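> got a predicted structure plus its sequence, pasted below:
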Amino acid sequence: MTVDELALQIRQAFESYWAGHPEISDTQYDALVRQLREAAPDHPLLEEVGAPQVAALGEVRLAAPMISLDKVYSLAELLKWAAGFARQDRDELLLVQPKYDGISCRYDGKTLVTRGKGETGQDITDKLPLIELETADYTGPVDRPARGELLIRPDRFEKLRSVIRSRSNTVYRNTRNVLTGFMMLKNSREIEQVLLGMKMSGGFLSLVDYGRFSFEVPLSKLEAEWENLLERINALPYPMDGIVIKFADEAFRQSLGSTAHHPRGEMAFKFVNSRSSSVLENVEWSFGKNCLTPVAEIRPVELGGTTIRRATLHNARHIQELDLQIGDTVVVERAGDVIPHIVSCTPGAERRDALISHCPGCNTALVWKGPELTCPNPECFETLLCRLSAAVLALDIDNLGDATLRQIMKQYSVRSLRGLFALSRADLARLERFAEKSAANLFESLQQARNCPDYRLLAALNIPNVGVNVAKVLLKEHSFAELRELPEEALSAIKGIGPERAAALRRVFTEEKAFIDGLLDAVDLQSSTGKSAAETVCFTGKMPEKRSFYESLAREYGMEVADQVTESLTLLVAADPAEQSTKLERAKKWGTLIISPDEFLKRCPPKESAAQEEQLSLF
Ligand SMILES: [Zn+2]
């Protein structure tokens with residue numbers, strides 16, 4: 001293909017994409033752009049296709065032009081890039097972040113500007129009423145400076161899509177197309193009309209700060225951790241088309257500079273939408289709180305650069321709908337933002353039923369509940385174990401994994417949290433293969449978990465978009481008991497909550513009433529209603545004692561322990577305050593108090609009895 005032919009093809013694909021009817025896949029499109037970049041690096045089209053279309057208030061000159069990232073498609077390419085720039089004298093720390101599929105934007109406190117083309121961006125400040133900002137520790141109106149990606153969460157996509165279809169008779173196939181639809185709204189009157197039509201107060205576009213999710217991993221562990229990172233990032237509820245990997249040391253990253261097109265210290269790993277065929281070898285049924293969940297075990301197959309052995313089957317009804325049986329040939333797809341799933345199947349020569357009729361735990365005949373198969377036996381050990389395990393997770397009880405829980409349930413016939421809290425230290429010490437120290441640790445964790453702050457209990461219910469911070473907002477003016485009784489409209493009216501969270505809260509409060517009653521029955525709930533927020537502390541670096549030692553001390557003194565340094569953090573305890581790390585850099589940026597582990601121990605001295613026990617258990 002000549003350069004002109006290539007450019008023509010890219011232009012056609014680009015236009016059809018933005019018209020909402022993409023003709024080729026993203027991967028094919030990227031390949032074309034790559035070809036053009038190699039053949040004619042200065043082609044004007046390259047700049048043009050980098051920028052999404054918006055109806056803007058005007059163009060803004062960017063102080064520091066945002067340039068796009070270079071891309072790789074396999075782990076091998078990624079490792080090669082990182083090793084090529086890493087300094088020899090250290091194990092380089094990398095930051096791994098989602099690569100959101102939206103519009104890159106910057107808000108400086110006054111003006112919202114898109115990345116646009118090279119040195120100029122588009123002013124889209126008029127779209128602010130549509131947008132909700134999400135940072136690591138804040139969700140709400142865009143009221144503070146941020147750099148992030150403007151996007152539509154898939155959970156809001158369906159609703160928006162139907163409204164837009166009825167307004168303009170345009171069919172949108174993906175979140176990105178809907179986003180463009182919004183961006184093409186020309187004036188505040190149009191925006192108001194949309195808001196009215198949606199019966200929403202705004203906030204159905206999200207501006208996700210780039211620091212919202214960030215995983216740290218040393219280069220030496222990247223390969224081993226890769227699958228795990230992919231899984232964690234894939235589980236996030238955002239449209240994504242890949243992962244961004246960058247050197248964590250910002251000064252070093254900047255020092256690497258840029259090529260004509262890309263910064264050298266960052267790289268995008270693009271998901272490739274790929275399909276492959278395999279054979280269904282078995283279906284594994286795992287116990288959940290309320291049902292049995294099927295997972296397909298397939299003959300190992302290469303997909304998007306990794307080996308796939310398992311694929312989700314969603315629920316039992318899905319197996320029926322696919323008419324899937326063991327031994328069938330299946331088509332497995334790994335699309336960008338989901339875990340591998342089975343698209344279709346063709347009957348194999350020898351087939352065996354993939355559904356089960358009896359509980360693999362207690363052999364009771366299973367019953368259908370909606371699309372799920374459930375065990376109706378109220379004493380089903382495995383189901384009870386799952387429920388208790390969910391409660392343990394909900395209360396954040398340390399030192400209590402499923403294996404230990406299973407043992408406790410068997411040995412002491414414990415079936416509820418209440419029973420768990422009633423265990424004595426001696427009971428725990430009698431558990432098989434349980435050292436005295438483990439028993440003491442577990443006992444301590446259980447006692448701690450009994451004193452449960454109300455916001456932790458609420459956050460632990462796994463309600464979509466209700467984390468610790470939102471829970472604190474909810475509990476500021478209403479007690480936990482009051483919240484459970486509030487009608488949806490009243491929940492929705494609480495500042496910063498909105499109709500979607502309200503609906504989810506109402507649903508969980510109703511459907512999980514018995515589960516929540518059980519939790520409340522077993523804990524001493526600490527009310528935070530009407531009180532100011534607790535101190536939050538984060539730890540970094542290699543401490544003289546185990547990290548858990550400091551964390552439990554902090555909790556004993558009423559502090560919240562955070563994994564990341566955010567603007568609201570009150571204290572950062574650093575093993576070496578002079579060290580260069582992202583956490584320390586951020587803390588300095590926000591003026592967070594930084595102290596050494598020794599200073600921390602002076603503030604929060606370990607209590608006498610605990611220290612003695614620690615010594616005893618050493619012998
Ligand atoms: Zn059962």
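Structure received.
> use CA for all of it now, contacts and neighbours both
Fine.
> center of the chain - which residue?
residue 236 (3.3 Å; Cα atoms, centre = their mean).
> quick check: the gap between it and residue 416.
Going from residue 236 to residue 416 by Cα to Cα, to the nearest Å gives 31 Å.
> could you list the domains of the protein?
For the chain, automatic domain parsing gives the domain ranges 1-49, 55-270, 274-374, 380-533, 536-616.
> weakest of those domains in terms of mean pLDDT?
Lowest mean pLDDT of these: domain 1-49, a mean of 74.
> would you mark the buried spots in stretch 280-291?
Judged by neighbour count using 16 or more other Cα atoms under 10 Å, the buried positions of stretch 280-291 are 280, 281, 282, 283, 285, 287, 288, 289, 290, 291.
> over to stretch 406-422?
406, 408, 409, 414, 415, 416, 417, 418, 420, 421.
> quickly run through the sheet partners of the longest strand anywhere in the chain, with directions.
Secondary structure of the chain per DSSP state E: the longest strand is strand 274-287. Each strand paired with strand 274-287, and its direction, by DSSP bridges: strand 292-303 (antiparallel), strand 329-334 (antiparallel).
> pull the residues that contact the helix or strand that the shortest one is followed by.
With elements assigned by DSSP states H and E, the helix or strand that comes after strand 329-334 is strand 341-346. Counting contacts by Cα atoms under 8 Å, 6 or more residues apart in numbering, the residues outside strand 341-346 that touch it are 311-313, 322-324, 328-334.
> next, the buried residues of strand 341-346.
Buried residues in strand 341-346, counting neighbours by 16+ other Cα under 10 Å, are found at 341, 342, 345.
> who are the packing partners of the helix or strand that it is followed by?
Next along the chain after strand 341-346, taking DSSP H and E as the criterion, comes strand 352-353. Other helices and strands packing on strand 352-353, by 3 or more Cα pairs under 8 Å, 6 or more residues apart in numbering; DSSP states H and E, are strand 325-326.
> elements contacting the strand it packs on?
Under the contact criterion of 3+ Cα pairs under 8 Å, 6+ apart, strand 325-326 touches strand 274-287, strand 352-353.
> measure how buried residue 71 is and give me the count.
19 (other Cα atoms under 10 Å).
> helix/strand/coil for the nearest residue to it once chain neighbours are set aside?
Leaving aside its chain neighbours, residue 71 sits nearest to residue 268 (4.7 Å; criterion: Cα to Cα, 6 or more residues apart in numbering). Secondary structure state of residue 268, per DSSP: H, G, I helix; E, B strand; the rest coil, is strand.
> who's residue 268 bridged to?
If you apply DSSP bridges, the partners that residue 268 bridges to are residue 71, residue 244.
> near the ion, which residues of the chain?
For the chain, the residues in contact with the ion (Cα under 5 Å from the ion) are 359, 361, 362, 375, 380.
> list the contacts for the residue nearest to the second one when sequence neighbours are not counted?
It refers to residue 361. Distances taken as Cα to Cα, 6+ apart place residue 382 nearest to residue 361, at 5.9 Å, with adjacent residues excluded. Going by Cα under 8 Å, 6+ apart, residue 382 touches 287, 361, 362.
> can you show me the strands along the stretch 501-619 of the chain?
Applying DSSP state E, counting those that start in this stretch to the stretch 501-619 of the chain gives strands spanning 524-526, 536-540, 560-561, 571-574, 593-595.
> ok, the residue lying closest to residue 284 once chain neighbours are set aside to the ion distance?
Leaving aside its chain neighbours, residue 284 sits nearest to residue 295 (5.2 Å; criterion: Cα to Cα, 6+ apart). From residue 295 across to the ion, the span is 18 Å (Cα to the ion, to the nearest Å).
> what's the answer for residue 92, then?
Residue 92 is 49 Å from the ion, where distance means Cα to the ion.
> that residue against residue 221, yeah?
No: in this structure residue 92 lies outside contact range of residue 221 using Cα atoms under 8 Å: 10.1 Å.
> who has more neighbours, the two?
The residue with more neighbours, out of residue 92 and residue 221, is residue 92; 18 against 12, by other Cα under 10 Å.
> so who does the more buried one touch?
86, 218, 219, 220, 247, 248.
> give me phi/psi at it?
Backbone geometry at residue 92, expressed as degrees, to the nearest 10, gives phi -60, psi 130.
> and what of residue 512?
When read as degrees, to the nearest 10, the backbone of residue 512 gives phi -110, psi 30.
> which residues of the stretch 101-250 of the chain fall in strands?
According to DSSP E, counting those that start in this stretch, the strands that the stretch 101-250 of the chain contains are 103-107, 112-114, 120-123, 131-135, 138-141, 146-151, 205-209, 215-218, 240-247.
> any chance of TSV for those strands, columns mean neighbour count and distance to residue 443?
Compiled in TSV, the strands of the stretch 101-250 of the chain are given as follows (neighbours: other Cα atoms under 10 Å; distance: least, Cα to Cα, whole Å):
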stretch	mean neighbour count	distance to residue 443
strand 103-107	23	49
strand 112-114	26	52
strand 120-123	23	57
strand 131-135	21	36
strand 138-141	17	34
strand 146-151	22	44
strand 205-209	25	40
strand 215-218	17	32
strand 240-247	22	41
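> and the angle for the longest strand of the chain with strand 341-346?
100 degrees (axes from the mean of the first three to the mean of the last three Cα atoms, to 10 degrees).
> if we can go back for a sec, could you dump the strands of the stretch 501-619 of the chain to TSV with mean neighbour count?
As requested, the strands of the stretch 501-619 of the chain are exported to TSV (neighbours: other Cα atoms under 10 Å):
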stretch	mean neighbour count
strand 524-526	16
strand 536-540	23
strand 560-561	18
strand 571-574	23
strand 593-595	16
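> residue 135: which of those is closest?
Evaluated over these, closeness to residue 135 peaks at strand 536-540, with 16.6 Å, by Cα to Cα.
> mind listing residues that contact that closest one?
Strand 536-540 is contacted by residues 547, 554, 559-565, 568-575, 583 when judged by Cα under 8 Å, 6+ apart.
> helices along the stretch 501-619 of the chain, start to end?
Residue ranges of the helices in the stretch 501-619 of the chain, as given by DSSP state H, counting those that start in this stretch, are 513-522, 547-556, 582-589, 597-603, 608-616.
> quick one: stretch 446-464 to chain centroid distance?
20 Å (Cα atoms, centre = their mean, to the nearest Å).
> number of nearby residues for the residue in the stretch 501-619 of the chain positioned nearest to the ion?
Nearest residue of the stretch 501-619 of the chain to the ion, counting by Cα to the ion: residue 515, 18.2 Å away. Neighbour count for residue 515, taken as other Cα under 10 Å: 18.
> ok, now residue 433?
Residues lying near residue 433 (other Cα under 10 Å) number 9.
> on that earlier part again, quick one: which two of the contacts of residue 92 are the most distant?
Using Cα to Cα, the contacts of residue 92 reach their maximum pairwise distance at 220 and 248, which is 14.0 Å.
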